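Undergrad: Fold the following and give me the result.
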Amino acid sequence: MSQTDATQLTHEADHGAEHDAEQAGYKKSLNRRQVQMIAIGGAIGTGLFLGSASRLNSTGPALVLSYAFVGVIAYFLMRALGELVLYRTTSGAFVSWMREFFGEKAAYYTGWMYWTNWALTGIAELSAVGLYIQYWWPQMPTWATVLIALAVVLIVNLLSAKAFGEFEFWASVLKVAAIVIFLVVGTVVVVFSMDVGGHKAGIQNLWANPGGFWPTEAPFAWYGPIIVMSGVVFAYAAIEMVGIAAGEMENPKREVPKAVNAVIIRIGVFYCGSLLLLVCILPTSEYTAGISPFVTVFGKMGMPWMANVIQAILIVAAMSSLNSGLYTTGRVLRSLGMAKQAPGFTLKMSGAGVPWAGIVMTAVVYVLGSILNAVSPDAFEIALEAASIAVVFTWATIFLCQLRLRRLSDRGVLPASTFRAPGTPWTSYLGLAFLAFVIVGMAISGWQASPYFWHKTGFVVVVLGIPALFLIFELGWLIVKRRVAAHTGDRMLGKWTDTGLRYPPQPPGPRTESIAALGTLQFEYVEDDDEDDDDDEDFHLEVHEWDNLDEPDKNPPPDAGDGDAEGSR
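TA: Predicted structure coming up:
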């Protein structure tokens with residue numbers, strides 16, 4: 001083998017081999033039907049079904065503009081995500097891309113912050129389930145509801161990725177059906193100016209609403225629709241999970257572009273369309289925090305049975321989000337575990353290709369969330385605000401990775417993605433600027449929320465919560481840093497510079513260095529020890545079979561001579 005051939009082989013191995021190894025054990029069992037409904041359902045959750053009630057009450061009809069603007073940012077995010085997925089499809093998603101472009105510490109922060117996102121979101125969703133159930137049974141203990149809902153989604157996740165996909169398919173069908181029913185009924189009510197609870201429906205309610213379209217007088221503020229965007233972000237928080245699910249899709253190159261391009265339509269119809277009808281049907285003062293605005297509308301229309309149907313579907317929607325949380329965190333924790341950045345047990349997978357240990361770990365945190373529900377009546381809002389911080393961080397990593405990928409592909413260092421985001425880099429810069437504004441907005445709205453400091457939830461989360469999170473993560477990094485450095489051979493920075501690979505395929509020092517792991521095959525670059533050899537062949541490439549895919553470190557040392565390809569340097 002010539003030097004050119006060896007360099008090309010090791011370049012290709014460094015280019016993506018570890019990501020291929022990361023995928024070992026997963027089953028590509030998510031079919032087209034499931035993927036499309038997962039993508040649609042990911043844009044419909046408790047942020048619309050429940051969270052929009054309090055925002056309508058405090059903001060007025062201009063909330064429609066708030067959702068529309070954040071929806072545009074969400075579309076920019078999905079296009080950036082689509083470019084990354086089509087460049088490299090992996091269940092590690094954001095963690096794997098951050099590792100490749102920004103290094104091990106960046107991957108560590110990304111993975112654990114995303115896990116924190118879903119851990120806190122799960123608590124919020126469990127709180128939502130408790131609120132929904134109390135619509136029928138006010139005396140039902142919230143903690144009991146939490147445990148029942150969690151048991152259901154845990155069993156689904158532990159079965160297989162296909163079971164997860166099937167649950168999400170039917171949950172998405174119900175969520176979409178609920179919105180479609182409301183859109184049809186609401187349109188009829190508005191067009192014919194029907195009476196709803198003593199109020200005449202119609203588009204005139206946009207400006208006839210108390211305070212007008214954009215209320216500015218007390219108790220409102222002119223900047224209300226702007227500041228509320230920090231909470232609206234949470235409504236779109238699950239759309240990025242398509243990036244993780246792509247690792248188990250049958251055909252991600254076909255399905256991801258379709259799912260991404262449909263995002264803007266889903267946001268326009270389901271979110272903005274629903275909110276527009278809500279403000280046309282009733283004054284925004286009629287909507288109350290903790291009660292779904294859709295349930296409020298149907299109840300005032302004298303259709304309590306429809307309100308009951310919607311209420312049941314809302315429970316499914318919240319459980320769908322819980323289901324997604326367990327699915328994504330299990331995959332992210334395994335990616336962290338393979339890099340020695342999470343406990344070793346997170347590598348464990350079932351025969352069905354489910355990273356069950358990471359899923360159970362997240363479920364335990366959800367149980368702790370049930371305790372929060374028992375001791376704090378404001379559990380939903382607390383968890384929502386805290387989860388928003390993690391959502392902002394995750395979205396920022398997607399924009400950053402896409403900017404780095406585009407810079408490298410424009411310079412010819414990496415092949416260009418087949419699904420490039422339009423408007424780059426400006427759309428990603430706008431996305432990052434908006435996310436910085438979200439943090440500031442959370443602090444401002446949180447400060448105004450209550451005269452009592454510890455009830456200023458958003459402000460406390462931003463000012464105290466963010467430093468606390470980073471302190472915890474930094475301490476964790478100090479614990480795992482040495483182990484990660486040993487695992488990577490001190491290759492801690494991003495893989496690429498602006499001109500090519502940052503690290504040579506064979507770093508100086510160790511006589512044997514693993515350079516790739518493709519599926520179940522391990523490639524090793526081994527120097528020859530025979531200094532008396534007269535020929536120019538002073539290294540050979542060995543190929544070994546891995547026996548233990550779940551815990552690679554437990555594989556026995558490879559025996560020399562399993563397979564080789566001789567070459568020269």
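
Undergrad: low-scoring pLDDT stretches of the stretch 301-450 of the chain, where are they?
TA: Residues of the stretch 301-450 of the chain meeting the criterion pLDDT under 70: 369-370, 372-374, 376-384.

Undergrad: what do you get if the cut-off is 80, keeping everything else the same?
TA: The stretch 301-450 of the chain contains residues with pLDDT under 80 at 304, 306-307, 310-311, 314, 368-388, 449.

Undergrad: quick one: the helices in it?
TA: In the stretch 301-450 of the chain, the helices defined using DSSP state H, counting those that start in this stretch lie at 304-338, 356-375, 379-410, 426-448.

Undergrad: Which among the ones you listed is found nearest to residue 139?
TA: helix 356-375 (14.4 Å; Cβ to Cβ). Using the backbone N, CA and C atoms, a C-beta is placed for each residue, glycine as well.

Undergrad: what angle do the closest one and helix 379-410 make?
TA: Relative orientation of helix 356-375 versus helix 379-410 (axes from the mean of the first three to the mean of the last three Cα atoms, to 10 degrees): 140 degrees.

Undergrad: okay, the angle between helix 356-375 and helix 304-338?
TA: 130 degrees.

Undergrad: What is the least confident helix or strand in this protein?
TA: Ranked by mean pLDDT, DSSP states H and E, the weakest helix or strand in the chain is strand 512-518, scoring a mean of 37.

Undergrad: what about residue 481, how many neighbours?
TA: Using other Cβ atoms under 10 Å, residue 481 has 16 neighbouring residues.

Undergrad: then stretch 438-453 to PDB, C-alphas only?
TA: C-alpha atoms of stretch 438-453 as PDB (Å, rounded to 0.1, in the frame of the first residue of the first chain):
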ATOM      1  CA  VAL A 438     -34.800  34.700  24.900                       C
ATOM      2  CA  ILE A 439     -32.500  34.500  28.000                       C
ATOM      3  CA  VAL A 440     -32.800  38.200  28.600                       C
ATOM      4  CA  GLY A 441     -36.500  38.100  28.100                       C
ATOM      5  CA  MET A 442     -36.900  35.300  30.600                       C
ATOM      6  CA  ALA A 443     -35.100  37.400  33.200                       C
ATOM      7  CA  ILE A 444     -37.200  40.500  32.600                       C
ATOM      8  CA  SER A 445     -40.600  38.700  32.500                       C
ATOM      9  CA  GLY A 446     -39.600  36.600  35.600                       C
ATOM     10  CA  TRP A 447     -38.700  39.800  37.500                       C
ATOM     11  CA  GLN A 448     -42.100  41.300  36.700                       C
ATOM     12  CA  ALA A 449     -44.000  38.100  37.600                       C
ATOM     13  CA  SER A 450     -44.300  38.600  41.400                       C
ATOM     14  CA  PRO A 451     -43.300  41.100  44.100                       C
ATOM     15  CA  TYR A 452     -41.700  38.300  46.000                       C
ATOM     16  CA  PHE A 453     -38.100  37.400  45.000                       C
END
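
Undergrad: List the buried residues in that stretch.
TA: For stretch 438-453, burial by neighbour count (16 or more other Cβ atoms under 10 Å) applies to 438-439, 441-446, 449.

Undergrad: Same list, these, but as CSV with distance to residue 329 please.
TA: CSV is the format used below for the buried residues of stretch 438-453 (distance: Cβ to Cβ, whole Å):
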residue, distance to residue 329
438, 23
439, 23
441, 27
442, 23
443, 27
444, 31
445, 28
446, 26
449, 29
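
Undergrad: Just give me the closest of these to residue 122.
TA: Nearest to residue 122, judged by Cβ to Cβ, of the buried residues of stretch 438-453 is residue 442 at 20.0 Å.

Undergrad: Test my guess that that closest one contacts residue 458.
TA: Yes: between residue 442 and residue 458 there is a contact under Cβ atoms under 8 Å: 4.3 Å.

Undergrad: Common neighbours of the two, please.
TA: 230, 385 (Cβ atoms under 8 Å, 6 or more residues apart in numbering).

Undergrad: May I see the helices of the stretch 301-450 of the chain organised as CSV, with distance to residue 158 added?
TA: Output for those, formatted as CSV (distance: least, Cβ to Cβ, whole Å):
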stretch, distance to residue 158
helix 304-338, 9
helix 356-375, 6
helix 379-410, 24
helix 426-448, 34
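
Undergrad: for those, which one sits closest to residue 119?
TA: Across the helices of the stretch 301-450 of the chain, closest to residue 119 is helix 356-375 (Cβ to Cβ), at 4.7 Å.
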